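**Q** Structure, please.
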Amino acid sequence: MLVPSIFSNDLFDNFFNDAYKPAENLIHSANSRNLMNTDIKEYEDKYELDIELPGYDKKDVTASLKEGYLIVEAERHTDDKIEENNGKYIRKECFTGKCQRRFYVGEQVTQDDIHAAFTNGILSLTVPKIKEQPKVEENKYIDIN
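**A** Sure thing, here's the model as predicted:
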């Protein structure tokens, strides 16, 4: 017989409990195990990143470049409106909300250098390797009157 746990208000926590995740606050868990998993391949002249975003639409995913960081964000919304005949959730483990990954690509990389495609829940990004040019120290003289 299922009885409510003394540590939770949910009757089904003991039945559906996942040993790897805490039972509380699964909806907004930022540490979800399978969130934005990324494969990175290195070539002589570029990097290829494949980021898993299952269940996301292309319109929900953004990629930007700021101060040398490639920032990938994805946001998923759920319809909280429940009609009488549709029932209600007794447990909800699918991630809803906003998630983000950041990758340092260097300050020489521009937005035009990065190519992106979104197919079947996979965001593929191609980032060129740009070798940092050593800064040449310039002598700046001050006029002395």
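**Q** quick one, helices of the chain?
**A** 13-16 (DSSP state H).
**Q** Okay, now the unreliable bits of it?
**A** For the chain, the stretches with pLDDT under 70 are 1-34, 78-85, 133, 145.
**Q** can you pull out the strands in it?
**A** 38-42, 46-52, 61-66, 69-76, 97-104, 115-119, 122-128 (DSSP state E).
**Q** Take those and write them to JSON lines, including distance to residue 87 and mean neighbour count.
**A** In short, each C-beta sits where N, CA and C put it, glycine included. Formatted as JSON lines, those follow (distance: least, C-beta to C-beta, whole Å; neighbours: other C-beta atoms under 10 Å):
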{"stretch": "strand 38-42", "distance to residue 87": "36", "mean neighbour count": "11"}
{"stretch": "strand 46-52", "distance to residue 87": "29", "mean neighbour count": "17"}
{"stretch": "strand 61-66", "distance to residue 87": "30", "mean neighbour count": "14"}
{"stretch": "strand 69-76", "distance to residue 87": "21", "mean neighbour count": "17"}
{"stretch": "strand 97-104", "distance to residue 87": "23", "mean neighbour count": "14"}
{"stretch": "strand 115-119", "distance to residue 87": "32", "mean neighbour count": "13"}
{"stretch": "strand 122-128", "distance to residue 87": "32", "mean neighbour count": "17"}
